[in-house]
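**Q** this one's structure only:
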């Protein structure tokens, strides 16, 4: 048997529509207070969320790949360590660098 706290509350359709209309009116009121630059910035953010974060990650990983490639290239030139291991690591770093630059170019062209 259900106790008083277990009641299932169903919102009638007319109240749902009233809540939606209220939300839409509030949204229109907020948007009308924004200046055009703020509205454009919000529209771009809604169109491609977290774009700034993605660009930062692409550039950070590309920088890491570049530094790693320089280090492993120097190790290859100097002849330090195992050639096969250093060559594989160098190729991996070049691959990371190429992938991040490719993703950055794709994301930048979506403007």
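**A** Here it is on my side, so go on. Just so you know, these numbers come straight off a predicted model, no measurement behind them.

**Q** which parts of this protein are helices?
**A** Ranges of helices within the chain are 13-33, 36-47, 51-78, 83-109, based on DSSP state H.

**Q** I'd like a version of these in JSON lines, one that adds mean pLDDT as further columns.
**A** As requested, these are exported to JSON lines (pLDDT from 0 to 100):
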{"stretch": "helix 13-33", "mean pLDDT": "70"}
{"stretch": "helix 36-47", "mean pLDDT": "78"}
{"stretch": "helix 51-78", "mean pLDDT": "94"}
{"stretch": "helix 83-109", "mean pLDDT": "93"}
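
**Q** now tabulate those in JSON lines and tack on mean neighbour count.
**A** C-beta coordinates here come from the backbone N, C-alpha and C atoms, glycine included. Putting the helices of the chain into JSON lines (neighbours: other CB atoms under 10 Å) gives the following:
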{"stretch": "helix 13-33", "mean neighbour count": "10"}
{"stretch": "helix 36-47", "mean neighbour count": "10"}
{"stretch": "helix 51-78", "mean neighbour count": "14"}
{"stretch": "helix 83-109", "mean neighbour count": "14"}
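
**Q** got a list of contacts for stretch 84-94?
**A** With contact meaning CB atoms under 8 Å, 6 or more residues apart in numbering, stretch 84-94 is reached by 65, 66, 68, 69, 72, 73, 75, 76, 80.

**Q** go with 7 Å
**A** With contact meaning CB atoms under 7 Å, 6 or more residues apart in numbering, stretch 84-94 is reached by 65, 68, 69, 72, 73, 75, 76.

**Q** also stretch 68-76?
**A** Applying CB under 7 Å, 6+ apart, the contact partners of stretch 68-76 are 81, 86, 87, 89, 90, 93, 94, 97.

**Q** quick one: residue 101 from residue 92, how far?
**A** 15 Å (CB to CB, to the nearest Å).

**Q** and what of residue 81?
**A** 15 Å.

**Q** ok, residue 53 next?
**A** Here residue 53 is placed at a distance of 24 Å from residue 92 (CB to CB).
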